[in-house]
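> What would the 3D arrangement of this be:
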Amino acid sequence: MSEKLVISTAEGSFDCYVARPDVVGTYPVIIVLQEIFGVNEGIRSIADGYAAKGYIAVAPDLFWRNAPGVQLWEGNEADVAKAFELYKSYDFDHGVRDIAATISAARTLEGASGKVGVTGYCLGGLMTWLSATRTDGDAFAAYYGGGIDQYLSEANDIGAPILVHLAGDDAYIKPDAQEQIKAALAGKADAEVHIYPGCDHAFARPGGSHHDAAATQLANSRTDEFFARTLR
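Numbers count the residues shown, from 1 in each chain. Below you'll find the predicted structure:
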């Protein structure tokens, strides 16, 4: 089952795609944060997957200020150009506030248990990291967040469990950056970093050109265990 959630802030309102389990009950919420392509079919399919696993999934429109409702595809050159244009103009600080508002709204959704996790991919992976350092979410799982290494000074502000997935051959997150991320979380309670050798950026994107089925299955199984342990 899917529906739309509208979240109002002092700066305006934005939409979220919401996927629910078919059986009415009480469930944890997982916020699913988009790539640079918006809340497109791939992101919605990930949200639907979490609903099938017994979560309420909420995917907020992070680009609502500049291109509300935008849905882009990596296979279209014009869409890719538009996606990078939106990424370059995106305000991360505003985005974290939007995610914080989404977390607050998620805690009070009908059927929500009150526990809220956050996961995200690419841009959403970076925003998952920033949300871990700046919001009160209960658990965070980031997939190949480009730019995380620029915000490692905030690692000490992480107060909830965190899981980070990195592609070993990521074109955007080089090996030295990956080592810095690992070092920043080393010794921190309930923090995991997993690197997937031979994989490129966006290896877990549904239908993506760099999709790696085996690595995606492994990463998602780790995320499933992580959220089951931290949110249920």
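
> which residues in the chain form helices?
Taking DSSP state H, the helices of the chain run over residues 41-52, 77-89, 92-107, 123-134, 175-185, 213-231.

> Using CSV, lay out the ones you listed together with mean neighbour count and distance to Ala10.
Bear in mind the C-beta positions are built from the backbone N, C-alpha and C, glycine included. Formatted as CSV, the helices of the chain follow (neighbours: other CB atoms under 10 Å; distance: least, CB to CB, whole Å):
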stretch, mean neighbour count, distance to Ala10
helix 41-52, 20, 26
helix 77-89, 14, 21
helix 92-107, 19, 9
helix 123-134, 25, 17
helix 175-185, 16, 32
helix 213-231, 16, 29
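
> Among the ones you listed, which comes closest to Ala167?
helix 213-231 (7.9 Å; CB to CB).

> Spatially, and excluding backbone neighbours, which residue is closest to Arg134.
Val96 (5.1 Å; CB to CB, 6 or more residues apart in numbering).

> distance of the one you found from Lys182?
23 Å (CB to CB, to the nearest Å).

> which helices and strands does the lowest-mean-pLDDT helix or strand in the chain pack with?
Lowest by mean pLDDT, DSSP states H and E among the helices and strands of the chain is strand 2-9, with a mean of 94. Secondary-structure packing of strand 2-9 (3 or more CB pairs under 8 Å, 6 or more residues apart in numbering; DSSP states H and E): strand 12-19, helix 41-52, helix 92-107.

> Format the helices of the chain as JSON lines; extra columns: mean pLDDT and distance to Phe140.
Output for those, formatted as JSON lines (pLDDT from 0 to 100; distance: least, CB to CB, whole Å):
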{"stretch": "helix 41-52", "mean pLDDT": "98", "distance to Phe140": "15"}
{"stretch": "helix 77-89", "mean pLDDT": "98", "distance to Phe140": "21"}
{"stretch": "helix 92-107", "mean pLDDT": "98", "distance to Phe140": "10"}
{"stretch": "helix 123-134", "mean pLDDT": "98", "distance to Phe140": "4"}
{"stretch": "helix 175-185", "mean pLDDT": "97", "distance to Phe140": "11"}
{"stretch": "helix 213-231", "mean pLDDT": "98", "distance to Phe140": "9"}
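
> Distance to Lys4 added to those, as CSV?
As requested, the helices of the chain are exported to CSV (distance: least, CB to CB, whole Å):
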stretch, distance to Lys4
helix 41-52, 12
helix 77-89, 21
helix 92-107, 12
helix 123-134, 19
helix 175-185, 35
helix 213-231, 23
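
> Tell me which of these sits nearest to Asp22.
Of all the helices of the chain, helix 41-52 comes closest under CB to CB, at 8.0 Å.

> on that earlier part again, distance from the chain centre to the least confident helix or strand of the chain, please.
17 Å (CA atoms, centre = their mean, to the nearest Å).

> who's in contact with that strand?
Strand 2-9 has contacts (CB atoms under 8 Å, 6 or more residues apart in numbering) with 13-20, 44, 48, 51, 58, 60, 97-98, 101-102, 105, 109.

> check contacts around His194.
Leu163, Val164, His165, Leu166, Ala219, Arg222.

> Need the max-distance pair from these.
Across those (CB to CB), the longest gap, 12.3 Å, separates Leu166 and Arg222.

> follow-up on the earlier one: so which of the helices and strands packed on strand 2-9 is nearest Ser113?
Proximity to Ser113 (CB to CB) singles out helix 92-107 among the helices and strands packed on strand 2-9, at 8.8 Å.

> Name the surrounding residues that touch that closest one.
By CB under 8 Å, 6+ apart, helix 92-107 touches 5, 7, 9, 11, 14, 16, 29, 31, 33, 56, 58, 60, 62, 64-65, 112, 114, 116, 118, 126-127, 130-131, 134-137.
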